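Engineer: the sequence isn't on hand, but the structure is:
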């Protein structure tokens, strides 16, 4: 198969490219390598993928519609895993235009390319943030998602609606995955694991929002990748899929303070905690009901937070220290 992965230099994207390349697929990765966070980290991920002769990379921006169309026309992809996006809830409060350009226009360009140069299936990234301040837990795909509390969440919900419309209007078979707090080696430096590890090792305060009264459904990167690939395979095997959305998480919320304790244990340092109120755009709890994904693909997350933090801390100490 010939598979396009957008956001190939990103945390999840690079890991998906690695798994697909290892099993022998022809993988084409694109990424604009923007400076939202360290380009050096993105390049380091790509350097690992250079070991695969069946992996091909091109620096390309999703908002360049002409270039996207040309790529689809020339390569005739079997399937697409669309992970490229402007990430980050808090940054969306500062620079909403970046989210409209990348997440809305970029996704539109991918959908249009899938329309005019048909692929068998499109898997795309949504987010648990679409649930907004939903107080019902665990979060189910049956819950309402029309109350976003950040521009990031609004763009991700828009992506789901766009994909649904393209399935109905043009037969673009697709599956959306609502990711829940992905962590692990090679993670994003704007997320809590990297931010906290850096501060702890530098003996600097970590910012603990909502005075620590938060929980997250932390999901290890390997489990996420397994779910993405299983979803892709299901889409390729089932001709009757039009458009659906699943939660993808561990299904086991953990208190933020417990997460910090595990980091302390594995880094061998105590954290200096700066307790702060809730930040705009944040939610107090996340918890994925993954029943539907499990039924559809056999998805079964295997890595506990205790083991996941151990793997993450080992990588951090070796790679970034």
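Structural biologist: Nice, I can see it. All values reported here derive from a predicted model rather than from experimental measurement.

Engineer: which secondary structure elements does the lowest-mean-pLDDT helix or strand in the chain contact?
Structural biologist: Each helix and strand of the chain was given a mean pLDDT (mean pLDDT, DSSP states H and E); the minimum falls on helix 91-94 at a mean of 87. If you count contacts as 3 or more CB pairs under 8 Å, 6 or more residues apart in numbering; DSSP states H and E, helix 91-94 packs onto helix 96-99, helix 151-170. For glycine as for every other residue, the C-beta is placed from the backbone atoms N, C-alpha and C.

Engineer: mind doing that once more with 7 Å?
Structural biologist: Using 3 or more CB pairs under 7 Å, 6 or more residues apart in numbering; DSSP states H and E, the elements in contact with helix 91-94 are helix 151-170.

Engineer: and the helix it packs on, which residues are buried?
Structural biologist: Judged by neighbour count using 16 or more other CB atoms under 10 Å, the buried positions of helix 151-170 are 151-160, 162-164, 166-167.

Engineer: cool, and stretch 89-105?
Structural biologist: Buried, per 16+ other CB under 10 Å, within stretch 89-105: 89, 91, 92, 96, 98, 99, 100, 101, 102, 103, 104.

Engineer: between the residues you listed, which sits nearest residue 214?
Structural biologist: Nearest to residue 214 among the buried residues of stretch 89-105 is residue 89, at 13.1 Å by CB to CB.

Engineer: quick one: residue 40 and residue 9, what's the gap?
Structural biologist: As judged by CB to CB, to the nearest Å, residue 40 and residue 9 stand 11 Å apart.

Engineer: these two: who's more crowded?
Structural biologist: Higher neighbour count among residue 40 and residue 9: residue 9, with 25 against 7, using other CB atoms under 10 Å.

Engineer: that one and residue 91, how far apart?
Structural biologist: Using CB to CB, we find residue 9 at a distance of 18 Å from residue 91.

Engineer: ok, now residue 286?
Structural biologist: In this view, residue 286 and residue 91 are 19 Å apart by CB to CB.

Engineer: got it, and residue 59?
Structural biologist: For residue 59, the distance to residue 91 - CB to CB - is 22 Å.

Engineer: likewise for residue 254?
Structural biologist: Taking CB to CB, one finds residue 254 at 24 Å from residue 91.

Engineer: got it, and residue 102?
Structural biologist: From residue 102 over to residue 91 (counting by CB to CB), the distance is 11 Å.

Engineer: what's the answer for residue 61, then?
Structural biologist: In terms of CB to CB, residue 61 sits 18 Å off from residue 91.

Engineer: which parts of the protein are helices?
Structural biologist: For the chain, helices defined by DSSP state H occupy the ranges 11-22, 39-49, 65-75, 91-94, 96-99, 106-116, 151-170, 192-201, 221-237, 256-267, 291-297, 305-319.

Engineer: just checking, what packs against the longest one?
Structural biologist: Taking 3+ CB pairs under 7 Å, 6+ apart as contact, the helices and strands that helix 151-170 lies on are helix 91-94, helix 96-99, helix 106-116, strand 121-127, strand 174-179, strand 243-248.

Engineer: that helix - what's its average pLDDT?
Structural biologist: Mean pLDDT, helix 151-170: 97.

Engineer: chain center to it: distance?
Structural biologist: For helix 151-170, the separation from the chain centroid amounts to 16 Å (computed by CA atoms, centre = their mean, to the nearest Å).

Engineer: pretty sure residue 243 sits against residue 163.
Structural biologist: Yes. Using CB atoms under 7 Å, residue 243 makes contact with residue 163 at a distance of 5.8 Å.

Engineer: pull up the overlap in contacts between those two.
Structural biologist: residue 174 (CB atoms under 7 Å, 6 or more residues apart in numbering).

Engineer: dump the residue contacts of residue 5.
Structural biologist: Taking CB under 7 Å, 6+ apart, one finds 13, 16, 17, 27, 29, 81, 83 in contact with residue 5.

Engineer: please repeat the previous calculation with a cut-off of 8 Å.
Structural biologist: Applying CB atoms under 8 Å, 6 or more residues apart in numbering to residue 5 gives the contacts 13, 16, 17, 20, 27, 28, 29, 30, 80, 81, 83.

Engineer: next: residue 291.
Structural biologist: So residue 291 contacts residue 140 (CB under 8 Å, 6+ apart).

Engineer: tell me how far it lies from residue 69.
Structural biologist: Distance of residue 291 to residue 69, given as CB to CB: 38 Å.

Engineer: repeat that for residue 284.
Structural biologist: In terms of CB to CB, residue 284 sits 43 Å off from residue 69.
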